[in-house]
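Q: Please work out how this folds:
(chains A and B)
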Amino acid sequence: MARDDLTADPTGTVGPTAAGAPAGTALDALAEDHGDARWAYGTGFHDPLAGLDTAVPDGVDGDVLAAYCLMLGDDALIMSHRLQEWCAHAPELEEEVALANIALDLLGQARLLLTRAGQADGTGRTEDDLAFLRDAGEFRNVRLVEAPRGDFAFCMVRLLVFATWRLALLDRLTASRDPVLAAAAAKGVKEVAYHRDHAAMWTIRLGDGTAESRRRMLAALDAVWPQVGELFTPHEVERRMAEAGLGVDPSTVRAEFDHVIADVLAEATLPVPDLAAPHEPGRGGRDGVHTAEFDALLAELQSVARAHPGATW
Amino acid sequence: MADNGELARHFERTIERDQRIEPRDWMPDGYRATMIRQIAQHAHSEIIGMQPEGGWITRAPSLRRKAILLAKVQDEAGHGLYLYAAAETLGADRTDLTERLISGAQKYSSIFNYPTLTYADVGVIGWLVDGAAICNQVPLCRSSYGPYARAMIRICKEESFHQRQGYELLMTMMRGTDAQREMVQDAVNRWWWPTLMMFGPPDAESRHTARSMAWKIKRHTNDELRQRFVDMTVPQAEALGVTLPDPQLRWNPERGHYDFGEVDWAEFKRVISGDGPCNAERIAVRRAAHEDGAWVREAAAAHAAKRARRSRHAKEAA
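A: Modelled structure (predicted):
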């Protein structure tokens, strides 16, 4: 009897996680093999781009498309990592579930974008090659996502900034001429809209909560705002992708960002910090220039994968 | 109003007929206390159980394994949530139960006091620890207390999913390098005996078994479940290509079961009483999360109170 308990699938369906999101990643809806999904969870991820036209569209170099996918993919991968660090440390159990959910969504977005990058540049590198075998200087994420997880106020202010910015980008990216980017963006928009709402709700509660929570939120705004300018400074790759109708120039979403942030902070009774000093082009995360904190993060992220060359997981 | 004797007879009849006791039904104080203890201990185990594997999420060796592990640990938080909710239907309070956990007044499964040394441990915890949990928990889907039985149905579905993921990871590693195969065998060696301890002390020494069986809170004895787990696991180990670290393990055709060696009950008692390799660390992490989060919970409560006050004022003004 016990044997049957293990081998028979009690429901025949993939169980939802506690938060009601699919137990799989963002990729599953695009790529899951729905055979015995409960047993071979996630093994459908052999070709996440199945069914999509993966040819590099006209008017752009494959290397440029790949570099752009790495930018958006690395942002999601590293932000997800910092959220993963909250596991078993969240202020309440509901928040354990919510933060894990957001981290899973972003991880799913990263997997799709990294896979696209390895395909578009013709190297055939997999998502894992790109996540685990690149050195820090080859990562293209903005520096906002690099700082350690901090306290819960920092976590929520950073998430609010990140999700507001990313939602504005993905929303426009749904019109990309690249079918893969457009599909990834369409999926991401739904997820990141929830992330932004979640962070906005906490920003309001904590800004307009107790004296202590307000003090921490003010400190978090001070810590996060110096990284905001970089988000809207277009890199050459982003500019070229935007000109080709494939990507989004981040400077074009600044107005939407400012508007949303002003609304949320007003409701939270928090001041909007002064505009960050203009970001110096050519010296940011998009150029491969990262913080010392990022080196430590990467060492951890890649530790097991690099310790076992030739292993299969 | 019926007197207590009448209520007690109704309770006994409900149990006899295999019907469920629901939160508003009369129940003996001892039944209520036993259920709260059992459900709280189970909820604590889910929450503490996030830690041994949770530490590997940021280091998972592939993005697919990272997603699987993150989803699994998230499920454990969800299980903890609905189990605390089931305990609250009996009049317990989640904050109070959390205080009891971090003060050491209530226990959690001793298995989570062992360290996770390599990524193979993630697979072995899925295969053996979740497998043992399923053996323990499938009968609890028929527990006489309704909210607990219903929570267990959902939990068992998700646990069986986790067990297969763990086994699939080990299968993949066994097809990898020699170093990976050694990691798997090493992890099996370290987790096998602690897993057998998960079923609790031998029946002869179990304080709670008899009454819990009579009340149909428990459906099988510790030794019955342990035997079932061993019988189920041996063929899985053979298929995987690992050796279970018990020289006395062999099929007994007369009994129709595997014979196996004696669990080190002195070690079990040491770990249960707080002297395992990771007891202090597990509680310290849980305590820090709870205490570091206090200002967040206070702010949320203060904000909700402000909102309620404002909406009252708005109504009065209208």
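Q: burial measure for residue B:277, as a count.
A: Residue B:277 sits with 11 neighbouring residues when counted by other Cβ atoms under 10 Å in any protein chain shown. For the C-beta atoms, the positions are set from N, CA and C on the backbone; glycine is no exception.
Q: wait, isn't it in contact with residue B:116?
A: No - contact criterion Cβ atoms under 8 Å: residue B:277 and residue B:116 do not qualify, at 10.8 Å.
Q: which residue does the stretch 1-150 of chain B bring closest to chain A?
A: Using Cβ to the nearest Cβ, the single residue of the stretch 1-150 of chain B nearest to chain A is residue B:78, 2.2 Å away.
Q: Confirm that residue sits in a helix?
A: Yes - using DSSP: H, G, I helix; E, B strand; the rest coil, the assignment for residue B:78 is a helix.
Q: what's the burial count for residue B:223?
A: Residue B:223: 16 neighbours (other Cβ under 10 Å).
Q: Could you say which helix or strand holds it?
A: Assigned by DSSP states H and E, residue B:223 belongs to helix B:222-240.
Q: Who are the packing partners of that helix?
A: Where contact means 3 or more Cβ pairs under 8 Å, 6 or more residues apart in numbering or on different chains; DSSP states H and E, helix B:222-240 is packed against helix A:2-7, helix B:130-137, helix B:146-174, helix B:178-197, strand B:257-259.
Q: residue nearest the centroid of chain A?
A: residue A:76 (2.0 Å; Cα atoms, centre = their mean).
Q: pretty sure residue B:269 belongs to a helix, no?
A: Yes - using three-state DSSP, the assignment for residue B:269 is a helix.
Q: How many neighbouring residues does it have?
A: The burial count for residue B:269: 13, using other Cβ under 10 Å.
Q: which parts of the stretch 201-318 of chain B sit against chain A?
A: Taking Cβ under 8 Å from any Cβ of the partner chain as the contact definition, the stretch 201-318 of chain B meets chain A at B:228-229, B:231-232, B:285-286, B:288-289, B:292-300, B:302-303, B:306.
Q: from what I can see residue B:228 touches residue B:136, true?
A: No - applying Cβ under 8 Å, one finds residue B:228 not in contact with residue B:136, separated by 9.8 Å.
Q: any idea where the strands of chain A begin and end?
A: Counting by DSSP state E, chain A has no strands to list.
Q: quick one: the helices in it?
A: Under the criterion DSSP state H, chain A contains helices at A:2-7, A:28-31, A:62-84, A:93-120, A:127-132, A:152-173, A:179-207, A:211-224, A:228-231, A:236-243, A:254-267, A:292-301, A:303-307.
Q: Export the ones you listed to CSV and append columns for mean pLDDT and distance to residue B:200.
A: As requested, those are arranged in CSV below (pLDDT from 0 to 100; distance: least, Cβ to Cβ, whole Å):
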stretch, mean pLDDT, distance to residue B:200
helix A:2-7, 35, 17
helix A:28-31, 34, 38
helix A:62-84, 98, 34
helix A:93-120, 96, 26
helix A:127-132, 98, 41
helix A:152-173, 98, 38
helix A:179-207, 97, 40
helix A:211-224, 98, 43
helix A:228-231, 95, 55
helix A:236-243, 97, 60
helix A:254-267, 97, 51
helix A:292-301, 97, 37
helix A:303-307, 97, 34
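Q: Of those, give the one that comes closest to residue B:22.
A: Closest of these to residue B:22 is helix A:93-120, at 24.5 Å (criterion: Cβ to Cβ).
Q: near chain B at all, the closest one?
A: Yes - judged by Cβ under 8 Å from any Cβ, helix A:93-120 and chain B are in contact via A:93-97, A:100-101, A:103-104, A:107-108, A:110-111, A:114.
Q: could you dump those to TSV with neighbour count and distance to residue B:172?
A: Below are the residues of helix A:93-120 next to chain B laid out as TSV (neighbours: other Cβ atoms under 10 Å in any protein chain shown; distance: Cβ to Cβ, whole Å):
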residue	neighbour count	distance to residue B:172
A:93	23	31
A:94	14	34
A:95	23	32
A:96	28	28
A:97	22	28
A:100	31	23
A:101	23	26
A:103	27	23
A:104	27	21
A:107	28	19
A:108	28	21
A:110	31	22
A:111	31	18
A:114	28	21
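Q: Can you tell me which of those residues lies closest to residue B:63?
A: Residue B:63 lies nearest to residue A:111 out of those, by Cβ to Cβ, at 5.1 Å.
Q: ok, that closest one touching residue B:62?
A: No - at 9.9 Å, residue A:111 and residue B:62 do not qualify as touching, with contact defined as Cβ under 8 Å.
Q: which residue sits closest to residue B:87, ignoring its sequence neighbours?
A: residue B:39 (4.4 Å; Cβ to Cβ, 6 or more residues apart in numbering or on different chains).
Q: Wait, that neighbour touches residue B:148, no?
A: Yes - using Cβ under 8 Å, residue B:39 is in contact with residue B:148, at 5.6 Å.
Q: Between the two, tell me which one has more neighbours.
A: Between residue B:39 and residue B:148, counted using other Cβ under 10 Å, residue B:39 has the larger neighbour count: 28 against 25.
Q: Which of the three states applies to that one?
A: State at residue B:39, reduced to three classes by three-state DSSP: helix.
Q: show me the contacts for residue 271.
A: All of this is about chain A. A:218, A:221, A:265 (Cβ atoms under 8 Å, 6 or more residues apart in numbering or on different chains).
Q: Wait, chain B was what I had in mind.
A: Taking Cβ under 8 Å, 6+ apart, we find residue B:271 in contact with B:110, B:113-114, B:194, B:197, B:279.
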